[in-house]
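*Asks:* The sequence isn't on hand, but the structure is:
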DNA sequence: TATATTAATCGTAATATTGCAATATATAAA
DNA sequence: TTTATATATTGCAATATTACGATTAATATA
């Protein structure tokens, strides 16, 4: 065990869960927030920005890249990162679909 | 290590990351989706609904409860669960604040 | 009271995540 | 070509998560 039973859930459920998981670390939230603010920045800026070792930042960047949330472009010796805007909108829509379904405040229970 | 450096990030960043983490498992997404659909249900219904053992479902429910996303009310021998609607709206707002900040599609890089 | 029924908790095994030092890789500058 | 700079990758230790059987606790029913 220790292994999520992925095959037991729908593709949409897994997708959303994986996106949520990618955002499920304060460093990755901080990276996204920074990129949203500055629009574009070089990897080294993020290493300076965050109180984590370079290797750790690189790992978080990879996770965000794997989920398609950010893109990286090589520019000489450095790598320029930014949000993948089209993807970002789709991600937003996926979260919205869940979050906007606000249930009726229920007196039945709770 | 293996321990998130929580103190290095803002409270807001940690809050959002923890919320995202709570949603970062397909079973917990499924639980939330089910509760949004039926508004209110008994724990046993969720155990039937999900392809997981009772103990596992209970554990996922506890995580959602810890983050305040759901509430549970004892009703005889069973426990009635539902979304915490006021909390849910605040959670939605926290995600929105991040997700709605869509950066300008940039030609600078990426 | 004895026995179900329901859900939480405990204990444990398997796996995943986090973080970092060390190293590798790749390009730029001297 | 050598050296510096910027990132990625590897390897590893510490901790967290996932899953489940077994047990416990609490209420209902016979």
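*Replies:* Right, received. Where do you want to start? The structure displayed is predicted, hence computed values, not measured ones.

*Asks:* Please enumerate the strands of chain A.
*Replies:* Using DSSP state E, the strands of chain A run over A:41-42, A:70-75, A:78-83.

*Asks:* Adding distance to residue A:6, mean pLDDT and mean neighbour count as columns, could you present these in TSV?
*Replies:* C-beta: built from backbone N, CA, C; applies to glycine. Below are the strands of chain A laid out as TSV (distance: least, Cβ to Cβ, whole Å; pLDDT from 0 to 100; neighbours: other Cβ atoms under 10 Å in any protein chain shown):
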stretch	distance to residue A:6	mean pLDDT	mean neighbour count
strand A:41-42	34	96	20
strand A:70-75	24	94	16
strand A:78-83	27	96	20
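
*Asks:* What's the per-residue pLDDT of residue A:105 here?
*Replies:* At residue A:105, the pLDDT value in this model is 70.

*Asks:* Turn the strands of chain A into CSV, including distance to residue A:99.
*Replies:* Shown next, in CSV, are the strands of chain A (distance: least, Cβ to Cβ, whole Å):
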stretch, distance to residue A:99
strand A:41-42, 28
strand A:70-75, 22
strand A:78-83, 20
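
*Asks:* what's the single longest helix in chain A?
*Replies:* helix A:85-100 (DSSP state H).

*Asks:* Next, the angle from it to strand A:70-75.
*Replies:* Using axes from the mean of the first three to the mean of the last three Cα atoms, to 10 degrees, the inter-axis angle of helix A:85-100 relative to strand A:70-75 is 160 degrees.

*Asks:* Next, count neighbours for the residue in chain A that DNA strand C sits nearest to.
*Replies:* Using Cβ to the nearest atom of the strand, the single residue of chain A nearest to DNA strand C is residue A:2, 1.9 Å away. By the criterion of other Cβ atoms under 10 Å in any protein chain shown, residue A:2 has 3 neighbours.

*Asks:* What separation do you get for it and residue B:56?
*Replies:* 12 Å (Cβ to Cβ, to the nearest Å).

*Asks:* go on, residue A:58?
*Replies:* 34 Å.

*Asks:* Please apply the same query to residue A:79.
*Replies:* For residue A:79 relative to residue B:56 (Cβ to Cβ), the value is 40 Å.

*Asks:* same question, residue A:53
*Replies:* For residue A:53, the distance to residue B:56 - Cβ to Cβ - is 35 Å.

*Asks:* Looking at these two now, which is surrounded by more residues?
*Replies:* Set side by side, residue A:53 and residue B:56 show more neighbours around residue B:56, with 15 against 10, by other Cβ under 10 Å.

*Asks:* What does the pLDDT read for the more buried one?
*Replies:* 98.

*Asks:* which residues touch it?
*Replies:* residue B:27 (Cβ atoms under 8 Å, 6 or more residues apart in numbering or on different chains).

*Asks:* Give me the phi and psi for residue A:67.
*Replies:* With angles defined as degrees, to the nearest 10, residue A:67 sits at phi -80, psi 0.

*Asks:* Give me the pLDDT value at it.
*Replies:* 98.

*Asks:* quick one: contacts for it?
*Replies:* Residues in contact with residue A:67 (Cβ under 8 Å, 6+ apart) are A:18, A:19, A:22.
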